[in-house]
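Asker: please find the sequence and the predicted model below.
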Amino acid sequence: MIEVSDLTKSYGEVHVLRGLSLAVAEGEVISIVGPSGAGKTTLLQIIGTLSAADGGSVVVDGVAVERLGDRDLSRFRNEKIGFVFQFHHLLPEFTAFENVCIPGYIGGRDRGEVEKRACELIHMLGMEHRATHKPAELSGGEQQRIAIARALINSPAVLLADEPSGNLDTRNRDEIHRLFFDLRERLGQTIVIVTHDESLAAMADRRITMQDGLISG
């Protein structure tokens, strides 16, 4: 599902990625760990097409993303990549249901189809009783569940998560951890998780350690 080859990325004189290669199978859940500055988030951003590499190649779901122009890249990102961040980035003026629907609307999909899928995801994540509430009325764990539903609304090929439980208390953190693996079982979802949480990292099918812009274990 993901093939990264000889990836390099620098910011000025700082070499963040130094020829990194990685392959992730369809339906696999991997965790990426390592010290701050190892290049974990940069790698995730490049896989997710939020940032461009200086060298190397990224293939997601059979598409070489570096060959796409800006318009095709935006469409690819909307359709194929789901993002979950530590901070939920829900739009405060919209309800939970509306937040989930927004990427589908942006993608130009049929409104009825988008809203039907949003209802299914909200129900699957146990949030139907909170669908009409705005983000300020939701707990941190509830907000993250809505953010995950939003990430899944376009049935992406890959779900990328950057410290998804870093802002949660212990109970909500454990629930979100279990949720990722439930999504793999229910949807066959391919998931890449950057985390400092050792319990989450240990749950993954494969634990990747990064150090100084390379995979060290």
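Answerer: Arrived safely. Residues are numbered from 1 along each chain as shown.
Asker: what sits closest to residue 131 if chain neighbours are left out?
Answerer: residue 97 (4.3 Å; C-beta to C-beta, 6 or more residues apart in numbering). For the C-beta atoms, the positions are set from N, CA and C on the backbone; glycine is no exception.
Asker: ah, wrong one, I meant residue 96
Answerer: Distances taken as C-beta to C-beta, 6+ apart place residue 146 nearest to residue 96, at 4.6 Å, with adjacent residues excluded.
Asker: count the residues that sit near that neighbour.
Answerer: Applying other C-beta atoms under 10 Å, we find 26 residues neighbouring residue 146.
Asker: and the residue nearest the centre of this structure?
Answerer: With distances taken as C-alpha atoms, centre = their mean, the chain has residue 160 as the residue nearest its mean C-alpha position (2.1 Å).
Asker: show the average pLDDT along the helix or strand containing that one.
Answerer: Using DSSP states H and E, residue 160 falls within strand 158-162. Per-residue pLDDT values over strand 158-162 give a mean of 92.
Asker: what lines up beside that strand in the sheet?
Answerer: In the sheet, strand 158-162 lines up against strand 81-85 (parallel), strand 190-194 (parallel) (DSSP bridges).
Asker: so of those, which one's packed in deepest?
Answerer: For the strands paired with strand 158-162, the largest average neighbour count (mean count of other C-beta atoms under 10 Å) is found in strand 190-194, namely a mean of 25.
Asker: count the neighbours of the closest residue to residue 27 other than its chain neighbours for me.
Answerer: Nearest non-adjacent residue to residue 27, counting by C-beta to C-beta, 6+ apart: residue 188, 4.8 Å away. For residue 188, the count of nearby residues is 9 (other C-beta under 10 Å).
Asker: ok, now the one 10 residues further on?
Answerer: Here the number of neighbours of residue 198 (other C-beta under 10 Å) works out to 11.
Asker: got a list of what it touches?
Answerer: By C-beta atoms under 8 Å, 6 or more residues apart in numbering, the contact set of residue 198 is residue 33.
Asker: if we use 7 Å, what do you get?
Answerer: If you count contacts by C-beta atoms under 7 Å, 6 or more residues apart in numbering, residue 198 has none.
Asker: now stretch 46-58, how far from the chain's geometric center?
Answerer: On the basis of C-alpha atoms, centre = their mean, to the nearest Å, stretch 46-58 sits 15 Å off its chain's mean C-alpha point.
Asker: what's the mean pLDDT across that stretch?
Answerer: 93.
Asker: now swap in stretch 177-195 and tell me
Answerer: So the average pLDDT for stretch 177-195 ends up being 87.
Asker: go on, stretch 93-104?
Answerer: The model assigns stretch 93-104 a mean pLDDT of 95.
Asker: likewise stretch 68-87?
Answerer: For stretch 68-87, the mean confidence score works out to 88.
Asker: buried stuff in it?
Answerer: 73, 76-86 (16 or more other C-beta atoms under 10 Å).
Asker: which one of the residues you listed is nearest residue 164?
Answerer: The closest of those to residue 164 turns out to be residue 84 (C-beta to C-beta; 4.8 Å).
Asker: what is the burial count for the nearest residue to residue 26 once chain neighbours are set aside?
Answerer: Counting by C-beta to C-beta, 6+ apart, residue 1 is the residue found nearest to residue 26 once chain neighbours are left out, at 4.4 Å. When neighbours are defined as other C-beta under 10 Å, residue 1 has 17 of them.
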